[in-house]
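Peer 1: make a model of this:
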Amino acid sequence: MIEQSKVDASKARIQRIVASVDTIIQGKHDVVELVVLALLASGHVLLEDLPGTGKTTLVSTLARSVQVDFSRIQFTPDVMPSDVSGFSIYNQKTREFEFRPGAVMSNLVLADEINRASAKTQSALLEAMEERQVTVDGVTRPLSEPFMVLATQNPIEQFGTYPLPEAQLDRFMAKLSMGYPEFDSEVAVLRLGVNAKRSVKPAVSREEVMELREAVGQVFACDMVLRYIVQIVKATRDDKEVLVGSSPRGGISLLALGRAWALSRGRGYLLPDDVKTLAPAVLRHRLTLSHEAKVAGRTADDVIASLLGGVDVPRIDEADLRGEAQDA
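Peer 2: Sure thing, here's the model as predicted:
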């Protein structure tokens, strides 16, 4: 069980990161917080929204706030897998092949308009996202931690795009949408100016990010909360409105993000309500709706809301939630 003093220190650090990004990304606190928590939960995020809503600014500001390396890949149909993972080139002076790192060899990687790249290029990200490594010419190179991919795509403009396959989508911990800012927030954006993000100072160091990741892994989840997660995931597979439900990776992601959420709330243990709150963000991109559901105008969020209403939230004693009964 993680000590409360460590929980309190972690909460303060998380709040510093979120507050730093909030100074630039006006009026989108909830999205900013989930992106930060996904980083601490060792996950990747898919940002689906219209152009100009601040997706790229969010990622670059986060990189400045946590003092890590940042790279951006502007995906187009002519981007090659080697542009992502890297390639070997022959050096005539040394008469040896030298490795030239690709854009994925960074800490925070922005995959901008990821669905404009071919399936072959998209697949270059799969090994990096899952195994935290890249293999080029038979040589495997580990990626430096923390590592996170934040991909963007436009939900409206589909001309010349290659929809992400389910295997790629499943590797994203969460799918989020920023949306247009409220009136006052948009005025604040204009007041800040386009170069405001350059003034952002690091809120935490790379080492502190790694410590936060370690703390997230120590957050306790009792057996009944684990069973509740699996019940939700299983419900996505049994619902008549869902053609293909969530994989087990959905439950793993929900648990990891839930632990980060609990830590940000100053708790060293996970609540069922944490799971219920985060379920839409974690599961919405993992569901393939039936034709009937689409015709009826149902969205993934609508279906998830119905599913959550049909799964009983477990009532758990405080001692069990904290793991105290187990320690005894």
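Peer 1: what about residue 274, distance to residue 36?
Peer 2: Shown here: residue 274 relative to residue 36, a distance of 16 Å by C-beta to C-beta, to the nearest Å. The way it works is simple: take the backbone N, C-alpha and C, and place the C-beta from them, glycine included.
Peer 1: and residue 140, helix, strand or coil?
Peer 2: strand (DSSP: H, G, I helix; E, B strand; the rest coil).
Peer 1: pretty sure it sits against residue 133.
Peer 2: Yes: under the criterion of C-beta atoms under 8 Å, residue 140 makes contact with residue 133 at 5.4 Å.
Peer 1: neighbour count: those two, which is higher?
Peer 2: Set side by side, residue 140 and residue 133 show more neighbours around residue 133, with 13 against 10, by other C-beta atoms under 10 Å.
Peer 1: specify the beta-bridge partners of the more buried one.
Peer 2: residue 142 (DSSP bridges).
Peer 1: if I look at it, what pLDDT would I see?
Peer 2: Looking at residue 133, its pLDDT stands at 92.
Peer 1: ok, it to residue 146 distance?
Peer 2: For residue 133 relative to residue 146 (C-beta to C-beta), the value is 14 Å.
Peer 1: again with residue 86
Peer 2: According to C-beta to C-beta, residue 86 and residue 146 sit 19 Å apart.
Peer 1: now swap in residue 116 and tell me
Peer 2: 26 Å.
Peer 1: please apply the same query to residue 22.
Peer 2: Distance, residue 22 to residue 146, using C-beta to C-beta: 20 Å.
Peer 1: swap in residue 64?
Peer 2: 14 Å.
Peer 1: average model confidence for stretch 291-300?
Peer 2: Mean predicted confidence for stretch 291-300 is 93.
Peer 1: actually, stretch 238-249.
Peer 2: Mean predicted lDDT for stretch 238-249 stands at 93.
Peer 1: which parts of that stretch are buried?
Peer 2: Using 16 or more other C-beta atoms under 10 Å as the test for burial, stretch 238-249 gives 239, 241, 242, 245, 246, 247, 249.
Peer 1: nearest residue to the second one in space, please, no chain neighbours.
Peer 2: Across the structure, with C-beta to C-beta, 6 or more residues apart in numbering as the measure, the residue nearest residue 241 apart from its sequence neighbours is residue 293 (4.0 Å).
Peer 1: what's the burial count for the one you found?
Peer 2: Residues near residue 293, counting by other C-beta under 10 Å: 20.
Peer 1: quick one, what contacts it?
Peer 2: In this structure, residue 293 makes contact with 241, 242, 303, judged by C-beta atoms under 8 Å, 6 or more residues apart in numbering.
Peer 1: likewise for residue 14?
Peer 2: Residue 14 neighbours (C-beta under 8 Å, 6+ apart): 36, 37, 40, 212, 263, 264.
Peer 1: ok, now residue 65?
Peer 2: 17, 20, 21, 200, 202, 203, 204.
Peer 1: switch those over to a markdown table; also include distance to residue 172.
Peer 2: Below are the contacts of residue 65 laid out as a markdown table (distance: C-beta to C-beta, whole Å):
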| residue | distance to residue 172 |
| --- | --- |
| 17 | 20 |
| 20 | 24 |
| 21 | 19 |
| 200 | 25 |
| 202 | 26 |
| 203 | 25 |
| 204 | 24 |
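Peer 1: in CSV: these, plus secondary structure, neighbour count and distance to residue 156.
Peer 2: Shown next, in CSV, are the contacts of residue 65 (DSSP: H, G, I helix; E, B strand; the rest coil; neighbours: other C-beta atoms under 10 Å; distance: C-beta to C-beta, whole Å):
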residue, secondary structure, neighbour count, distance to residue 156
17, helix, 26, 31
20, helix, 21, 31
21, helix, 27, 26
200, coil, 17, 30
202, coil, 16, 35
203, coil, 22, 34
204, coil, 19, 36
